[in-house]
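> model this:
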Amino acid sequence: MPVGRGEIYEVFSARTEKDDPLKHVGAVRASSPREAAVFAHKLYDEWRWREMFVVPRAALVHVIRPT
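This next block holds a predicted model:
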């Protein structure tokens, strides 16, 4: 991801059907949640997902940390 201003948001999607699991599909850098949503939609909406979420990377909680 290029260096720049803003926060990194992780993008979760992949529900094409109601009961499909969420999948991590990528990340975007944005200056606001709204901007992150716009970037995520433009970059990752090639499959017409049923749902898509952006989450600030800083808000994710590690359950198991890589060694």
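> Pick out the residue nearest the middle of the protein.
Nearest to the geometric centre of the chain sits Val11, at 0.9 Å (C-alpha atoms, centre = their mean).
> what's the pLDDT at that one?
Val11 carries a pLDDT value of 95.
> a helix runs through it, doesn't it?
No. Assessed by DSSP: H, G, I helix; E, B strand; the rest coil, Val11 does not belong to a helix; its assignment is strand.
> partner residues bridging it?
On the basis of DSSP bridges, Val11 is bridged to Gly26, Val54.
> Residues touching stretch 59-67, excluding its own?
Contacts with stretch 59-67, where a contact means C-beta atoms under 8 Å, 6 or more residues apart in numbering, come from Glu10. Yep, even glycine has a C-beta here, placed from its N, CA and C like the rest.
> send the alpha carbons of that stretch over as CSV?
Extracted in CSV, the C-alpha atoms of stretch 59-67 (Å, rounded to 0.1, in the frame of the first residue of the first chain):
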residue,chain,number,x,y,z
ALA,A,59,-9.6,-1.3,15.8
LEU,A,60,-8.8,-4.9,15.0
VAL,A,61,-8.0,-7.1,18.0
HIS,A,62,-5.3,-9.8,17.6
VAL,A,63,-6.4,-13.1,19.0
ILE,A,64,-3.3,-14.9,17.9
ARG,A,65,-0.3,-12.8,16.9
PRO,A,66,2.1,-14.0,14.2
THR,A,67,5.5,-15.1,15.6
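> Please, where are all the strands along the chain?
7-15, 23-30, 51-56 (DSSP state E).
> Pick the most buried one from the ones you listed.
strand 7-15 (a mean of 19; mean count of other C-beta atoms under 10 Å).
> Low-confidence ranges, the protein, go.
1-4, 14-15 (pLDDT under 70).
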